[in-house]
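# Here is a sequence with its predicted model. Questions after.
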Amino acid sequence: MRRTIANAFSADLEPFVDNVDDDRRRIDAPGFTPRLPSSGRRTSKRSRVLLSALIVDPDKDMVLPCRIENISESGARLKLSERRFVPPRVWLIAITAGLAYRANVIWRKDDRLGVETTAAPVSLAEAQSALERRLHKTWVSWRGS
């Protein structure tokens, strides 16, 4: 079974799942037609979370702490502590789960990023290749912080 960010944390997400019938997003002001929340461009449902993560580019020895704000089957929305340059292809390490995801940056706006995961996650507890061992070392050094 392919493990994604969404199903890696699925047991903890039930209370946070977005409700599509949420009335707060309707516009009832004069001159505006009411609209229901849309699913946007996503093919899968988003779930709100608040998880600590790391954005890692091993080639440039770059490690940026971030927060995962919401997740879906194919990606996540991240919030950086400040506006920073992030390369288009990075590794995203979910600190609590100990999983590393290869990700492409899809969009950027100020201190937020949208990423799309491109492959099955790597379990850092079972690191085998040289790259996985480097990601494991980074994960272990941030895990206790």
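Received the coordinates, thanks. Numbering: from 1, shown residues only.
# Quick one: find the helix or strand in this structure with the lowest mean pLDDT.
Ranked by mean pLDDT, DSSP states H and E, the weakest helix or strand in the chain is helix 10-13, scoring a mean of 49.
# any idea which helix or strand comes after that helix?
Using DSSP states H and E, the helix or strand that follows helix 10-13 towards the C-terminus is strand 47-57.
# The next helix-or-strand element following that next one pairs with which strands, parallel or anti?
The element immediately downstream of strand 47-57 (helix or strand, assigned by DSSP H and E) is strand 62-71. Using DSSP bridges, the strands paired with strand 62-71 are strand 47-57 (antiparallel), strand 75-80 (antiparallel).
# Check those strands for me and report the most buried one.
Among these, strand 75-80 has the highest mean neighbour count (mean count of other CB atoms under 10 Å), at a mean of 22. The C-beta positions use only the backbone N, C-alpha and C, and glycine is treated the same way.
# for the record, mean pLDDT for that strand?
Mean pLDDT, computed over strand 75-80, is 94.
# what does it contact?
Residues outside strand 75-80 that contact it (CB atoms under 8 Å, 6 or more residues apart in numbering): 5, 46, 53, 55, 64, 66-71, 86, 92, 103, 106, 111-117.
# Residue ranges in this structure under the pLDDT threshold?
Where the chain drops to pLDDT under 70, the residues are 1-44, 145.
# switch to 80 and redo it
For the chain, the stretches with pLDDT under 80 are 1-46, 144-145.
# quick revisit: would you mind checking the contacts of strand 75-80 for buried ones?
Buried positions within the contacts of strand 75-80, assessed by neighbour count (16 or more other CB atoms under 10 Å), are 5, 46, 53, 55, 64, 66, 68, 70-71, 86, 92, 103, 113-115, 117.
# from those residues, which is closest to E132?
Within the buried ones among the contacts of strand 75-80, proximity to E132 (CB to CB) peaks at L92, which comes in at 14.3 Å.
# For the closest one, list each beta-bridge partner.
Beta-bridge partners for L92, by DSSP bridges, are I55, Y101.
# Help me confirm that K45 comes into contact with S74.
No - in this structure, K45 is not within contact of S74 by CB atoms under 8 Å, at 10.9 Å.
# mind putting the strands paired with strand 62-71 in CSV, distance to A127 included?
Rendered in CSV, the data for these read as follows (distance: least, CB to CB, whole Å):
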stretch, distance to A127
strand 47-57, 13
strand 75-80, 22
